[in-house]
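Chemist: Test case, fold it:
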Amino acid sequence: MASPTSAGFEHGSPAEASDALLPHIRPVQTEDGSCFTAAGRVLAAALHTDRPSPPADVSAMDGFALRCADAALGRLPIAGEVRIGRAPPPLPPAACLRIVTGGGVPTGADVVIRREDISESGGEVRLDAAAASRLSPGHNIRRQGENAPPGALVAEAGSLVTPAVSSALAAFGAGRVRVFRPLSVAILTTGDELTEVAATPSPWQIRDSNGPALLSLFTGCPWISDIRPVHIPDEPELLDRELRAALGWADAILITGGVSAGHRDHVPAALTAQGVRTIFHRVPQRPGMPVLGAATPDGRPVFGLPGNPLSVMVTARRMAWPALARRAGVSRVAAPAAVTIANPDARTIPLWWHRSVRLDQPGRAELIDSRGSGDLVSAAHADGFVEIPPGAAGPGPWPFFAWRP
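Modeler: Numbers count the residues shown, from 1 in each chain. So this is what the prediction gives:
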């Protein structure tokens, strides 16, 4: 059997096709933002530490600061308290100071003993002998700069502003940050057979489920601010008009249907007429073989997704999502998690196979029987899909793509 690549496909896998498109995509412009409102956005400038982390030697525990050599005395008077957020007082000889986690280590102290390892009575502490014997200089002390020195890289440009990055922005004084502006996305669903969701279709018509599917996939993504769906009948003039309009405002365009080789599949020609460069068309995968990935001269991604509902969802999640993320400024999309199939079968196909699955526990999933790329019932039972290489079968583990990243 010929390999998929030798059977007329320019790219041998979904990953190869996606990787071929990404270099043609340019990020959107940047804007100023606040660390309090930048959650989920994409950093346009790297974040560096403005001072050491921690900024001083601090206690890692609630307890008492003392000299390690004094621990052998067994009993030490409490000479005072270190107040967190203030300069610590000096440590008197043969004494200790009360301290809390994060409090500055006093001059003269070289160890902190935990509150649990002492007993306190009459203004002095008694050290547990076993705990005292385990002490060594530096015990329970976080040294100045041990996390990072001044000027250290914390987050690269192109990083998502996660809760951890938000915390770092505030901690290192980046109250104002440079971020990429959010995307505007056009969704063009094509097809004479499609009706509005509220309509009563004839037996030869279907309700448009592709528009809502793409809206669900991308709505709520913090680096997308505007999504506009439009339905277009299978008429070249109407497609040209709506495509021209979308190219006038959208940062990314997703078209469903009209991308195969039929006489009423007008999308490839319409893209060419508008100066949009096709990077790949047809990928050895099921579902979604006819998928088309393209880019405008100014670096905007344009996708022609097959019209069948499951094909739309799979190709949008597998291939369009990383391209839109690149347009939004994301420098690295996290690799998919791997799952093991609990109910594997021996079925294989000579294509990359996206099989619907439902997670039953962390790291494990069950295959869901599907009747094909139009089977919305099985898709609605799934949490996403696994990607299985040509000719492969078994429990995996296989890469898993959740419907929502």
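Chemist: Go over the secondary structure and confirm Arg241 is in a strand.
Modeler: No - with DSSP: H, G, I helix; E, B strand; the rest coil as the criterion, Arg241 is helix rather than part of a strand.
Chemist: Could you give the number of residues near it?
Modeler: Arg241 is flanked by 13 other residues according to other CB atoms under 10 Å. In short, each C-beta sits where N, CA and C put it, glycine included.
Chemist: what separates the residue lying closest to Ser209 once chain neighbours are set aside from Val125, distance-wise?
Modeler: Leaving out its chain neighbours, the residue that sits closest to Ser209 by CB to CB, 6 or more residues apart in numbering is Pro309, at 5.2 Å. Note on Pro309: its distance to Val125, by CB to CB, to the nearest Å, is 70 Å.
Chemist: right, and the helix or strand after the helix or strand encompassing Leu238?
Modeler: Using DSSP states H and E, Leu238 maps to helix 236-247. Remark: after helix 236-247, the chain's next helix or strand is strand 252-256, criterion DSSP H and E.
Chemist: Would you list the strands that that next one pairs with, along with their directions?
Modeler: On the basis of DSSP bridges, the sheet neighbours of strand 252-256 come out as strand 183-190 (parallel), strand 301-305 (parallel).
Chemist: Contacts for the helix or strand just after it, please.
Modeler: Downstream of strand 252-256, the first helix or strand assigned by DSSP H and E is helix 267-273. Residues outside helix 267-273 that contact it (CB atoms under 8 Å, 6 or more residues apart in numbering): 190, 236, 239-240, 243, 255, 257-259, 278, 281, 292, 294, 302, 304.
Chemist: Next: stretch 364-377.
Modeler: With CB under 8 Å, 6+ apart as the contact definition, stretch 364-377 has outside contacts at 209, 286-288, 306, 308-311, 339-345, 355-360, 378-379, 381-383, 386, 400.
Chemist: what's near enough to touch Leu359?
Modeler: Shown in contact with Leu359 (CB under 8 Å, 6+ apart): Val339, Ala365, Asp383, Phe400.
Chemist: Which residues does stretch 158-165 contact?
Modeler: Residues contacting stretch 158-165 (CB under 8 Å, 6+ apart): 38-43, 47, 154-155, 169, 177, 179, 223, 329-332.
Chemist: Whichever of the residues you listed end up buried, select them in PyMOL.
Modeler: Per 16 or more other CB atoms under 10 Å, the buried members of these correspond to this PyMOL selection:
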select buried, resi 38+40+41+42+43+47+154+155+169+177+179+223+329+330
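Chemist: Give me the subset of the contacts of stretch 158-165 lying in strands.
Modeler: Counted as lying in strands by DSSP state E, out of these, are Leu47, Val154, Ala155, Val177, Val179.
Chemist: could those residues be laid out in TSV, adding pLDDT and distance to Leu21?
Modeler: Formatted as TSV, the ones in strands among the contacts of stretch 158-165 follow (pLDDT from 0 to 100; distance: CB to CB, whole Å):
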residue	pLDDT	distance to Leu21
Leu47	96	29
Val154	96	30
Ala155	96	26
Val177	95	29
Val179	97	24
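Chemist: Turn those residues into JSON lines, including distance to Val111.
Modeler: JSON lines is the format used below for the ones in strands among the contacts of stretch 158-165 (distance: CB to CB, whole Å):
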{"residue": "Leu47", "distance to Val111": "34"}
{"residue": "Val154", "distance to Val111": "30"}
{"residue": "Ala155", "distance to Val111": "34"}
{"residue": "Val177", "distance to Val111": "39"}
{"residue": "Val179", "distance to Val111": "44"}
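Chemist: Okay, now stretch 150-159: how far is its last residue from its first?
Modeler: One end of stretch 150-159 sits 20 Å from the other (CA to CA, to the nearest Å).
Chemist: Show me which positions of that stretch end up buried.
Modeler: Those would be Val154, Ala155, Ala157, Gly158, Ser159, for stretch 150-159 by 16+ other CB under 10 Å.
Chemist: and the two most separated of those residues?
Modeler: Across the buried residues of stretch 150-159, the longest distance by CB to CB is 13.4 Å; it joins Val154 and Gly158.
Chemist: For Leu324, identify the helix or strand it belongs to.
Modeler: Going by DSSP H and E, Leu324 is in helix 321-327.
Chemist: which helices and strands does that helix pack with?
Modeler: If you count contacts as 3 or more CB pairs under 8 Å, 6 or more residues apart in numbering; DSSP states H and E, helix 321-327 packs onto helix 14-21, strand 183-190, strand 252-256, strand 301-305.
Chemist: Save these as a markdown table, and put in mean neighbour count and distance to Val28 too.
Modeler: Shown next, in a markdown table, are the helices and strands packed on helix 321-327 (neighbours: other CB atoms under 10 Å; distance: least, CB to CB, whole Å):
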| stretch | mean neighbour count | distance to Val28 |
| --- | --- | --- |
| helix 14-21 | 19 | 17 |
| strand 183-190 | 24 | 6 |
| strand 252-256 | 27 | 10 |
| strand 301-305 | 28 | 11 |
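Chemist: for those, which one sits closest to Met319?
Modeler: helix 14-21 (5.0 Å).
Chemist: For that closest one, output the C-alpha coordinates as PDB.
Modeler: Taking C-alpha atoms only, helix 14-21 is exported to PDB below (Å, rounded to 0.1, in the frame of the first residue of the first chain):
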ATOM      1  CA  PRO A  14      -1.800  17.200  10.000                       C
ATOM      2  CA  ALA A  15       1.200  18.300  12.000                       C
ATOM      3  CA  GLU A  16       3.300  18.800   8.800                       C
ATOM      4  CA  ALA A  17       0.500  20.800   7.100                       C
ATOM      5  CA  SER A  18       0.000  23.000  10.200                       C
ATOM      6  CA  ASP A  19       3.800  23.600  10.500                       C
ATOM      7  CA  ALA A  20       3.900  24.600   6.900                       C
ATOM      8  CA  LEU A  21       1.300  27.300   7.400                       C
END
